[in-house]
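Novice: How does the following fold in three dimensions:
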Amino acid sequence: MRSTTGLNDQIQDVDQQASTIVKIRQRRRKVPKKSLGKNRKTTRLYKSTIDPNSLDFADSILIRPKTNLSLSEEEFDCLIFLQKMMFVHSASSWVDSISHVAAGASIMYDRLRDEGREISRSKSVRELSDEDWIDLCRCFNQWPFKPTSFENDLELDLDESN
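Specialist: Predicted coordinates for the structure are as follows:
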């Protein structure tokens, strides 16, 4: 813990910085103080923290980095395509949502189950974990009836209209 004298010193430093900022702003306006008279408004700077550059809060944060996922460029394009298309129907289950991506794509549930990577049928698109997305992407990428291009037709139509 910090001593109170250290805190008082920091508070004084912040007050000095605030008064310096006010002085600089007044100089920028190029309005003499005497001309403001009784109508002069005082500017108060409220401080959210004593020292904005302090790292004391870092002790209370626990950050766990995610594992590195190795995806090929084609798999990454497929993942982005699936997420764009499926989040349009994000409130429905992922099986219903993927059926809007391509005709017959709901077969992915059976394919994933056969490979031992089953994703619950009732999970919504919002509830899918990173691992679920990767499994779904790899399965969809191996599907022979996947779209030939992972570009969104609606985006292409908008680009051509300009």
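
Novice: quick one, domains of the protein?
Specialist: As given by automatic domain parsing, the domain ranges for the chain are 4-52, 73-161.

Novice: worst average pLDDT in the ones you listed?
Specialist: Ranked by mean pLDDT, the domains of the chain end with domain 4-52 at the bottom, a mean of 63.

Novice: can you pull the buried residues of the helix or strand where residue 85 lies?
Specialist: Assessed by DSSP states H and E, residue 85 sits inside helix 73-86. Within helix 73-86, the residues that count as buried by 16 or more other Cβ atoms under 10 Å are 75, 77-79, 81-82, 85-86. To be clear about C-beta, it is placed using only N, CA and C from the backbone, and glycine gets the same treatment.

Novice: Stretch 109-125 too?
Specialist: Neighbour counts over stretch 109-125 (16+ other Cβ under 10 Å) mark 109, 112, 119, 125 as buried.

Novice: which one among these gets closest to residue 63?
Specialist: Comparing the buried residues of stretch 109-125 against residue 63 with Cβ to Cβ places residue 125 closest, at 26.2 Å.

Novice: State the distance from that closest one to residue 21.
Specialist: 48 Å (Cβ to Cβ, to the nearest Å).

Novice: Same check on residue 140?
Specialist: From residue 140 to residue 21 the distance is 55 Å (Cβ to Cβ).

Novice: Those two: who's more crowded?
Specialist: residue 140 (23 against 12; other Cβ atoms under 10 Å).

Novice: so which strand or helix has that one?
Specialist: helix 130-142.
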